[in-house]
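J.: take this sequence and fold it.
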Amino acid sequence: MKYILEIPDRENALPGRSESIVPDHPHRVSGRSLLPPYPDGAREVLFGMGCFWGAERLFWRLDGVWVTAVGYAGGHTPNPYYEEVCSGRTGHAEVVRVIHEPARIDFASLLRVFWEGHDPTQGMRQGNDIGTQYRSAIYVTGADQLDEALRSRAVYAQALRAAGRGEIGTEIREGVEFWFAEDAHQQYLARVPGGYCGLGGTGVRYPRAARED
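T.: Presented below is the predicted three-dimensional model:
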């Protein structure tokens, strides 16, 4: 099988469609709607950690996370389908959308779970999952999140170097549009607890002093 390891430019990406995938089922763990309205003050962030099934489960377990959903972001194709994303011709990454209440769980705690929950040094893959859709990414909403995410990347990069690991390739951007994945992928591991999960961290902890700042 030939894997596409470069993100296509906009002109060569699949065209997509105008019709959106709209979730018609509440969150299978919390029972909450995947759609707004959310609690006052809630914040959003998108995390790409490889296959989104396992990534979503990491975050829906956290106290203070209001709701999670999986989808596609970071590429060019509007309203893509899963098969299109897997083709490598949309430019999208598989991501988990995390809506959290900062008064109950801060952004730094989410970043710790992100960094420790996968290997951000693998480029366009995560373990045996190979392709641009499996890249490491943080897509933020706000300059404060952007600054904190960039600082956390520098902190974790230093910890990885000290452990003899490779360089971080995580993409960090602000203002990236999110497209919901199909219902079959939402909270997949709640429906199929023994289902596939290719997540695997490096074993390097995010530095405690950085978590306490």
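J.: how far away from the center of its chain is stretch 120-134?
T.: 13 Å (CA atoms, centre = their mean, to the nearest Å).
J.: for it, list the C-alpha coordinates in CSV.
T.: Output in CSV follows, covering the C-alpha atoms of stretch 120-134 (Å, rounded to 0.1, in the frame of the first residue of the first chain):
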residue,chain,number,x,y,z
PRO,A,120,4.7,13.6,18.8
THR,A,121,8.0,12.7,17.2
GLN,A,122,6.7,10.3,14.5
GLY,A,123,5.8,12.8,11.8
MET,A,124,3.0,11.5,9.5
ARG,A,125,2.2,8.5,11.5
GLN,A,126,1.3,7.1,15.0
GLY,A,127,2.6,3.6,15.5
ASN,A,128,1.3,1.4,12.8
ASP,A,129,-1.1,4.1,11.6
ILE,A,130,0.6,5.8,8.7
GLY,A,131,-0.5,8.9,6.7
THR,A,132,-1.0,12.6,7.0
GLN,A,133,-4.3,12.1,8.8
TYR,A,134,-2.4,10.7,11.8
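J.: list the contacts of that stretch.
T.: Outside of stretch 120-134, the residues within contact range by CB atoms under 8 Å, 6 or more residues apart in numbering are 3-7, 48-51, 72, 85-86, 88, 90-94, 118-119, 135-136, 156, 160, 165-170, 198-200, 202. Quick note: C-beta positions are derived from backbone N, CA and C, even for glycine.
J.: quick one: which of these sit in helices?
T.: Members of these lying in helices (criterion: DSSP state H): 85-86, 156, 160.
J.: Leu58: which of the residues you listed is nearest?
T.: Distances from Leu58 to those, taken as CB to CB, are shortest for Tyr156 (16.2 Å).
J.: isn't that closest one right next to Thr202, touching?
T.: No. Tyr156 is beyond contact range of Thr202, at 9.3 Å (criterion: CB atoms under 8 Å).
J.: so the two - more neighbours on which side?
T.: Ranked by neighbour count (other CB atoms under 10 Å), Tyr156 and Thr202 place Tyr156 first, with 25 against 19.
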